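> Quick one, fold the following:
(chains A and B)
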Amino acid sequence: MSGGVDSAVAAARAVDAGHDVTGVHLALARNPQAYRSGARGCCTLEDARDARRAADVIGIPYYVWDLADEFHAGVVADFVAEYAAGRTPNPCLRCNEKIKFAAVLDRALALGFEAVVTGHHARLEPAGRLRRSVDLAKDQSYVLGVLTATQLRHSLFPLGGSTKAEVRAEAARRGLAVAEKPDSHDICFIADGDTQAFLRRRLGDAPGDIVDGDGTVLGRHAGAYGYTVGQRRGLRLDRPAPDGRPRYVLSITPVSNTVTVGPAAALDVSTVYGDRPVWTAPDAVDCEVQLRAHGPTVPAEVRVTAGALTARLHRPARGVAAGQAIVAYQPDPAGDLVLGSATITATAG
Amino acid sequence: MAYLDHAATTPMLAEALDAYVAAAREVGNASSLHAPGRRARRLVEESRERVAAALGARPSEVIFTGGGTESDNLAIKGMFWARRAADPRRTRVVASAVEHHAVLDAVQWLADHEGAEMTWLPVDGFGRVDIAALEAALDEYGDEVALVTTMWANNEVGTLQPVTGVARLAAERGIPYHTDAIQAVGQVPVDFAALGCAALTVTGHKLGGPVGVGALLLGREVACMPLLHGGGQERDVRSGTLDVPGIVAFAAAVEISTKGQPEYAARVAALRDELVDRVRAAVPDAIYNGDRDDRLPGNAHFSFPGCQGDALLLLLDVAGIACSTGSACSAGVAQPSHVVLAMGADEARARSTLRFTLGHTSTAAELDELVAALPGAVERARRAGAIKSARS
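Sure thing, here's the model as predicted:
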């Protein structure tokens, strides 16, 4: 229970469904003092208090579990290391993979609980199949696609059949004070929302060149980790492109500490490679793939072999960054079905 | 339902509750000059005399406060400021390493904001203050010590402290001594004058009185600057309109609990010993912390190897058993016990603690509930603990 509206309503629905529910709030900040100073995100005293009040209203026990060490190692350090390696991580996905449905679930199972209930917007069928939420704008199946069948067997997502508006209305009806609390958007461990400054504090200045496809130096950067494939703003190039069109980040090469830029057309990729696939479908399948959170889907043929995934896109996609997840869906009027996912390692034009 | 957390707070005695309700029905500010004010004042002064008589103090030495934390803060900060004002060299506070946070954090605040020097006294493996270390500290820093503060009995592991020895060493050097006796009053004999200390903290809700009222016993000749300024109530040391119902109920509880202390201690200690035997039979590798004999009658404190105390707490809570890990938490996050760490234990043992505390309503049936639930809870907490240690 983060202290937000979704987990509060999810807990209440789990109680209504007859489960014996205990509310757990995760303390994720390493320095307990941060709870006193944190202004927003999921690690503040105010959020912990909101979660406690929601548990009181629902009538369930409430505990705070200290997973700060696990969160730091599995999510924060991973986030920094991924940027340092020229990739673009998704920390919410990593948190689901390493914390909520791993450290928390393992501990819960050992203590005698049967499942972890969260307020994620996704539908989970009793058979363990994961589908998009009915509220496509709030759908979070992308950040859950990384979960294995075993993890999903011990998960409950009671909100997948409701829109966010319905969840808020229900929270108000249930007397939960968090009904009108704004959605969280930022990365919870970067309280001021300034990811660049956060990375600079941890990785330091590492100046290098911004080059074009021929290796011509177009400008300088203070740290290649500050760039994401597809990025256009903030490049501050010394020289305009010959064609006068905007330039985009095409790739980041940590070894040479260079950021390569080029025209928009050069961003197009038609093949996506991934590793660590979690897969529930046949080894070769025509489906739709989603390449970033809240991104559009693209039709593709996906092949999965031991430890690797290859997706041939039926039409090019832009802004595909290594480190993000590729999540495959089977389109379905009853809610697109998640077939599996992998972490993007490389792309080809 | 088994309530095994009387050291956190214990049910109000019927006499205290009746006294509270009766007083709360009346109007009258004890500082007012008219008849209702005089009636309220009379209740306060009768209460002051009852508290003084029960604890071996003079009525004028009883300062009513809003509870234990306030009394501790008033004693430590107020005596520190007064001593330093009289002699600027006296800026050192000598305290034990196993004090409650109301003392620890007040001392630390003086160090952080008022330039106080600190000497933390070590404890032995039972959590008992090292008297030799105190003597050495007083010999070394004699002229610069503002005050000594050590608790009467430890709130976590229940160990009784050598307060008589501390008081004698401090008195020999003319250094004021404050003792936090919150866990002791009603549990063991407490006599302010016989001890010969400068100040003593007591609070209501640990002995059958209401929450939010307590007292600082402050020697008549002891200088203490106020924390709260205002109407000048309570010897000008503690301003604020007097809480007449709270004070009346507090006095009733102090009187009853100290009068009945010998019988109470015998009965509750016997029940506690039964609890300890049954817990050890149920969980043979449980470690019983603190002194076997020289401890509070209602306190039983264990480490359960391989478990996290907060996991055990959750599981016992689900089974209808209320107890405590014994240690403080920050924003709900369990911290390893500073008391158990000071006793020389490693962090795993300091995180694996549970405190069971009995009181005036405790029954053997509650022990039955505990031992029925405990082995299963320990087994599950061990499984969860094994995951945690495998990951880290």
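
> Kindly give the local confidence score, pLDDT, for residue 38.
You didn't say which chain, so I picked chain A. Looking at A:Gly38, its pLDDT is 42.

> if you could check chain B rather than the one you did, that'd help
On pLDDT, B:Arg38 comes in at 97.

> what helix or strand does it sit in?
Taking DSSP states H and E as the definition, one finds B:Arg38 inside helix B:35-55.

> That helix: which residues count as buried?
Residues B:Arg39, B:Ala40, B:Arg41, B:Leu43, B:Val44, B:Ser47, B:Arg48, B:Arg50, B:Val51, B:Ala52, B:Ala54, B:Leu55 are the ones in helix B:35-55 that count as buried (16 or more other CB atoms under 10 Å in any protein chain shown). Where C-beta positions appear, they are placed from N, C-alpha and C, glycine not excepted.

> before we move on, what about stretch B:333-347?
B:Val333, B:Ala334, B:Gln335, B:Pro336, B:Ser337, B:His338, B:Val339, B:Val340, B:Leu341, B:Ala342, B:Met343, B:Ala345.

> what's the answer for stretch B:239-256, then?
Buried residues in stretch B:239-256, defined by neighbour count with 16+ other CB under 10 Å: B:240, B:242-256.

> could you list every residue that touches A:Gly175?
Contacts for A:Gly175 (CB atoms under 8 Å, 6 or more residues apart in numbering or on different chains) come out as A:Val57.

> SS state for it?
coil (DSSP: H, G, I helix; E, B strand; the rest coil).

> Cross-check the buried residues of stretch B:333-347 against chain A and keep the overlap.
Residues of those in contact with chain A (CB under 8 Å from any CB of the partner chain): B:Val333, B:Ala334, B:Gln335.

> which one among those gets closest to chain A?
Proximity to chain A was ranked across those by CB to the nearest CB; first place goes to B:Val333, at 4.5 Å.

> where does the closest one fall, phi/psi-wise?
The phi/psi pair for B:Val333 (degrees, to the nearest 10) reads phi -90, psi 120.

> can you pull up the bridge partners for it?
Beta-bridge pairing for B:Val333 (DSSP bridges): B:Ser330.

> Just want the residue of the stretch 101-250 of chain A that's nearest chain B.
Using CB to the nearest CB, the closest approach of the stretch 101-250 of chain A to chain B is made by A:Ala110 at 3.8 Å.

> sorry, back to before: ok, so of the ones next to chain A among the buried residues of stretch B:333-347, who is nearest B:Lys77?
B:Gln335 (24.2 Å; CB to CB).

> ok, which stretches of chain B are strands?
B:2-3, B:62-65, B:92-96, B:117-121, B:145-149, B:177-180, B:199-203, B:214-218, B:287-288, B:299-303, B:321-322, B:329-330, B:333-334, B:353-357 (DSSP state E).

> Adding mean pLDDT, write the ones you listed out as JSON lines.
Converted to JSON lines, those look like this (pLDDT from 0 to 100):
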{"stretch": "strand B:2-3", "mean pLDDT": "98"}
{"stretch": "strand B:62-65", "mean pLDDT": "98"}
{"stretch": "strand B:92-96", "mean pLDDT": "98"}
{"stretch": "strand B:117-121", "mean pLDDT": "97"}
{"stretch": "strand B:145-149", "mean pLDDT": "98"}
{"stretch": "strand B:177-180", "mean pLDDT": "98"}
{"stretch": "strand B:199-203", "mean pLDDT": "98"}
{"stretch": "strand B:214-218", "mean pLDDT": "98"}
{"stretch": "strand B:287-288", "mean pLDDT": "96"}
{"stretch": "strand B:299-303", "mean pLDDT": "97"}
{"stretch": "strand B:321-322", "mean pLDDT": "98"}
{"stretch": "strand B:329-330", "mean pLDDT": "65"}
{"stretch": "strand B:333-334", "mean pLDDT": "77"}
{"stretch": "strand B:353-357", "mean pLDDT": "97"}
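
> helix or strand for the residue in the stretch 1-150 of chain A positioned nearest to chain B, which one?
Distances between the stretch 1-150 of chain A and chain B by CB to the nearest CB are smallest at A:Val64, namely 3.3 Å. For A:Val64, the host element (DSSP H and E) is strand A:62-66.

> Which SSE is immediately downstream of the helix or strand of chain A with the lowest mean pLDDT?
Lowest on mean pLDDT, DSSP states H and E among the helices and strands of chain A sits helix A:33-37, with a mean of 44. Helices and strands here follow DSSP H and E; after helix A:33-37, the next one along the chain is helix A:45-58.

> tell me which residues of that following helix are tucked away?
Going by 16+ other CB under 10 Å, helix A:45-58 has these buried residues: A:Leu45, A:Asp47, A:Ala48, A:Asp50, A:Ala51, A:Arg52, A:Arg53, A:Ala54, A:Ala55, A:Val57, A:Ile58.

> ditto for stretch B:86-98
B:Arg90, B:Thr91, B:Arg92, B:Val93, B:Val94, B:Ala95, B:Ser96, B:Ala97, B:Val98.

> Distance to chain A for those residues - can I get that in JSON lines?
JSON lines is the format used below for the buried residues of stretch B:86-98 (distance: CB to the nearest CB, whole Å):
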{"residue": "B:Arg90", "distance to chain A": "31"}
{"residue": "B:Thr91", "distance to chain A": "26"}
{"residue": "B:Arg92", "distance to chain A": "27"}
{"residue": "B:Val93", "distance to chain A": "23"}
{"residue": "B:Val94", "distance to chain A": "27"}
{"residue": "B:Ala95", "distance to chain A": "22"}
{"residue": "B:Ser96", "distance to chain A": "23"}
{"residue": "B:Ala97", "distance to chain A": "20"}
{"residue": "B:Val98", "distance to chain A": "21"}
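
> where exactly do the helices run in the stretch 101-250 of chain A?
Assigned helices in the stretch 101-250 of chain A, in chain order: A:104-111, A:141-144, A:149-153, A:164-173, A:195-203 (criterion: DSSP state H, counting those that start in this stretch).

> Tell me who's in contact with residue 222.
All of this refers to chain A. A:Ala222 makes contact with A:Arg200, A:Asp205, A:Ala206, A:Pro207 under the criterion CB under 8 Å, 6+ apart.

> Actually, chain B is the one I wanted.
Neighbouring residues of B:Val222 by CB under 8 Å, 6+ apart: B:Met79, B:Pro176, B:Ala198, B:Ala199.

> rewinding a little: the helices of the stretch 101-250 of chain A: which one's closest to B:Glu15?
Of all those, it is helix A:104-111 that lies closest to B:Glu15, at 42.2 Å by CB to CB.

> just checking, what packs against that closest one?
Judged by 3 or more CB pairs under 8 Å, 6 or more residues apart in numbering or on different chains; DSSP states H and E, the packing partners of helix A:104-111 are strand A:23-27, strand A:116-117, helix B:309-318, helix B:364-391.

> how about those in JSON lines, adding mean pLDDT, distance to A:Gly349 and mean neighbour count?
What follows is those, written out as JSON lines (pLDDT from 0 to 100; distance: least, CB to CB, whole Å; neighbours: other CB atoms under 10 Å in any protein chain shown):
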{"stretch": "strand A:23-27", "mean pLDDT": "93", "distance to A:Gly349": "42", "mean neighbour count": "24"}
{"stretch": "strand A:116-117", "mean pLDDT": "98", "distance to A:Gly349": "41", "mean neighbour count": "23"}
{"stretch": "helix B:309-318", "mean pLDDT": "94", "distance to A:Gly349": "53", "mean neighbour count": "23"}
{"stretch": "helix B:364-391", "mean pLDDT": "90", "distance to A:Gly349": "41", "mean neighbour count": "17"}
